[in-house]
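Visitor: What follows is a predicted structure for the sequence shown.
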Amino acid sequence: MSDPDIILHHYPRSPFAEKVRVALGLKRLRWRSVIQPRLAPKPALTPLTGGYRRIPVMQIGADIYCDTRRILAELDRRFPEPALSPPGSGGVAEMIAAWADRFLFADALGLVFALQGDRFPPELHADRARFTAGRFDGWDSERMKAKLPALRDHLRLHLAWLERLLEDGREFLLGQEPSLADLGAYHPLWYARGNLGADSGLAGHKRLLAWMARLDAIGHGSVEELAPEAALEIARAAVPAPAAAADPHDPNRRQPGDRLTVTPEDWGFDGVTGELVSSDIDEIALKRRDPRLGLLVVHFPLAGFVVTPAA
């Protein structure tokens, strides 16, 4: 497979998409960019995913990869150099990235909307309130402002933890080379800095600012724009890659062909239903057929998702 087969469905201001864009730059890959709407509906995305609408989504032919955990794992599998999980890190990179996705991002996002929520259009507030099932006080600006002291306290602590990791002079969080840990911690701070500037709390964290500058310098690789309709046609003309075997040690005894639904457990609760084609301790893939696009395989991580029998 050649680099241009990578299609990333995203929009420029998405912090999670920035995590993947920097990974593509780190691996010096060529990829195609499909800009998707920030708000639902997303008529050129959900036919690929089966209903999942979170950004980003990576497409390689008729294989669709959802969630940054699964996207980055697939990039590492197909393009192993440089590795996103350093040898000997013992899962530390994955654990830091998981903490950043869940806690650092939530506090950075909360701070942005508490301080600047009034400048975002009402339709964005309404969409995000539905998307997060009422979290962040239903995205009501006045109620979110009441959380400012706690948000500032939490973010200050997160920044101090990251700064301490860099105290010994290392270039990146786990050593002299960037890793999944850096990508995970970078994107919430990229989002806070881009929206809040001096109010982001980064001032005074000199090591952290220098670390962010090193990640900024990586860039996004080589990008070619692609129309959403063209990406759909690529999926229609492609065949999913051969599936790996299902997990023989699955504690739930799922078998290929079982009809399952995979649903995010934090926000964006749009479940995707299909037939199990492969799984292991980290991931699961479902086969589904779209009326226009034909056979597709949608890939998810297990971390952050719930798998249930289809209704």
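Guide: Perfect, thanks for sending it. Residues are numbered from 1 along each chain as shown.
Visitor: In the helix or strand harbouring V112, which residues are buried?
Guide: Assigned by DSSP states H and E, V112 falls within helix 105-116. Across helix 105-116, burial judged by 16 or more other C-beta atoms under 10 Å covers F105, A106, D107, A108, L109, G110, L111, V112, F113, A114, L115. C-beta: built from backbone N, CA, C; applies to glycine.
Visitor: For the residue positioned nearest the centre of the chain, give me its contacts.
Guide: With distances taken as C-alpha atoms, centre = their mean, the residue of the chain nearest its centroid is T68 (3.0 Å). Going by C-beta atoms under 8 Å, 6 or more residues apart in numbering, T68 touches F16, K19, V20, P56, D101.
Visitor: can you redo the residues you listed as CSV with pLDDT?
Guide: Compiled in CSV, those are given as follows (pLDDT from 0 to 100):
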residue, pLDDT
F16, 97
K19, 98
V20, 98
P56, 98
D101, 93
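Visitor: Just name the closest of those to L295, please.
Guide: Set against L295, the nearest of the contacts of T68 by C-beta to C-beta is P56 (22.6 Å).
Visitor: For the closest one, grab phi and psi.
Guide: When quoted as degrees, to the nearest 10, the phi and psi of P56 stand at phi -90, psi 170.
Visitor: how far away is it from A203?
Guide: Counting by C-beta to C-beta, to the nearest Å, the separation of P56 from A203 is 30 Å.
Visitor: Who has more neighbours out of these two?
Guide: P56 (22 against 10; other C-beta atoms under 10 Å).
Visitor: correct me, but the more buried one touches E18?
Guide: No: in this structure, P56 is not within contact of E18 by C-beta atoms under 8 Å, at 9.1 Å.
Visitor: All the strands of the stretch 201-311 of the chain, in order from the start?
Guide: 222-225, 259-264, 272-279, 283-290, 294-301, 305-309 (DSSP state E, counting those that start in this stretch).
Visitor: mind putting those strands in CSV, mean neighbour count and distance to A231 included?
Guide: Output for these, formatted as CSV (neighbours: other C-beta atoms under 10 Å; distance: least, C-beta to C-beta, whole Å):
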stretch, mean neighbour count, distance to A231
strand 222-225, 12, 11
strand 259-264, 18, 22
strand 272-279, 20, 18
strand 283-290, 20, 13
strand 294-301, 21, 12
strand 305-309, 15, 24
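Visitor: For L84, which of these is the nearest?
Guide: Distance to L84, taken as C-beta to C-beta, is lowest for strand 294-301 among these, at 13.9 Å.
Visitor: now the closest one: mean pLDDT?
Guide: Summarised as a single mean, pLDDT over strand 294-301 is 98.
Visitor: Any idea how far it is from the middle of the chain?
Guide: 16 Å (C-alpha atoms, centre = their mean, to the nearest Å).
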